[in-house]
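Next comes the sequence, and after it the predicted model I'd like to discuss.
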Amino acid sequence: MITKDSLKVLDVSSPAPQYVCLKLDAGKPLQGLLPGMFYELRAPSQKGRLFKPISILEVEESTLSFLIKVVGAGTQAFTQLKAGDRVEAIGPLGNGFPGIAGRRVLLVSGGAGYPPLAWIKRKSDVAGFCLHLHGCASADEAFPCDLLYTDDGSLGSKGLVTDSVDCLIAEHNIDLVFSCGPVPMLAKLTELCMQIEHYVSMEAYMACGIGVCHGCAIPVDKAFKLVCKDGPVFDATQIRWSEL
Ligand SMILES: Cc1cc2nc3c(=O)[nH]c(=O)nc-3n(C[C@H](O)[C@H](O)[C@H](O)COP(=O)(O)OP(=O)(O)OC[C@H]3O[C@@H](n4cnc5c(N)ncnc54)[C@H](O)[C@@H]3O)c2cc1C
Ligand code: FES
């Protein structure tokens, strides 16, 4: 059930220079949450401004974790929090990725698209095989994964996270691909994975987060769908990438 709560901050850390990790106490055991689902979060200093959609990084009993890249005022405000503060939270929102039991899965994340795929990787013992690729600008944005790609070559392989996808799919007999990251990365992956079941977690500017304002509509299939309510996870082949 979607609720609007004021959640207590349990911990705030900075695992990388431009990132903040928040642990929030949901105050009750959390059940039925799936990777890809998100919360609309707002720090107290942002009252009167928009909530920010942030994917769940991890759920442990009644604790929710989020990994947030600081890009503007809304995300910057999370860095000012300390344990004991409160954050306004609306959620859980969205649909989440499908199950991976028995499947041979490739996870591909880029930049701040890391959290939902990192959560799937941690739960991947039910998969037949699961490989997580992460791409980012430099070592400063690197997080744990199986294969890392950096634009500047400062850590992992120099290049784009999409560079070896077709080889890896063939080598590991992949039958399911999940991705989350910048639109050009997702569009390129969709081209590379046309023959394979592929789900993407999409980003969009959001206001309400609950399907009321229609601010997050994207072209899907023959119509428009709402990232907050119908997504954020979509079948990649149904998105009209050239219209984004
Ligand atoms: C479903 C969903 C899940 C998300 N999960 C995460 C997450 O787990 N971690 C994380 O770090 N970020 C995540 N984001 C992105 C995050 O919501 C935005 O970065 C944040 O709202 C920016 O707010 P701001 O006030 O700091 O920056 P703003 O001042 O709003 O924007 C700063 C810059 O970021 C760009 N920007 C802002 N929002 C978006 C957006 N939605 N899509 C593309 N560009 C944007 C703006 O164009 C501008 O250049 C998610 C977005 C969605 C839709
Ligand atoms: S953010 Fe309002 S409808 Fe999606």
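That came through, no problem. Ligands and ions are numbered 1, 2, ... in the order given.

ok, residues contacting the longest strand along the chain?
Longest among the strand segments of the chain by residue count, using DSSP state E, is strand 3-16. By CB atoms under 8 Å, 6 or more residues apart in numbering, the residues outside strand 3-16 that reach it are 20-27, 63-64, 67, 78-79, 81-91, 140-143. The way it works is simple: take the backbone N, C-alpha and C, and place the C-beta from them, glycine included.

Using neighbour counts, trim those to the buried set.
Among the contacts of strand 3-16, the ones that count as buried by 16 or more other CB atoms under 10 Å are 20-24, 26, 64, 67, 78, 81, 85, 87-91, 141-143.

Now, those residues that are in helices?
Phe78 (DSSP state H).

picking up where we left off before, tell me which of the contacts of strand 3-16 fall in strands.
Using DSSP E, the contacts of strand 3-16 in strands are 20-25, 63-64, 67, 86-91.

And Tyr199, how close does it get to Ile239?
11 Å (CB to CB, to the nearest Å).

one step back: could you pick out which of the ones in strands among the contacts of strand 3-16 are near ligand 1?
When contact is defined as CB under 6 Å from any ligand atom, these meet ligand 1 at Leu67.

Closest one of the ones in strands among the contacts of strand 3-16 to ligand 1?
Using CB to the nearest ligand atom, Leu67 comes nearest to ligand 1 of those, at 5.8 Å.

Please enumerate residues in contact with stretch 133-143?
If you take CB under 8 Å, 6+ apart as the criterion, stretch 133-143 is touched by 15-19, 67, 106-111, 114, 117-118, 145-152, 154-156, 160-162, 165, 168, 181, 185.

of the residues you listed, buried ones?
Members of the contacts of stretch 133-143 classed as buried by 16+ other CB under 10 Å are 18-19, 67, 106-111, 114, 117-118, 145, 148-150, 156, 160-162, 165, 168, 181, 185.

follow-up on the earlier one: what are the pairing partners of the longest strand of the chain, and which direction each?
Strand 3-16 pairs in its sheet with strand 19-25 (antiparallel), strand 86-93 (antiparallel), by DSSP bridges.
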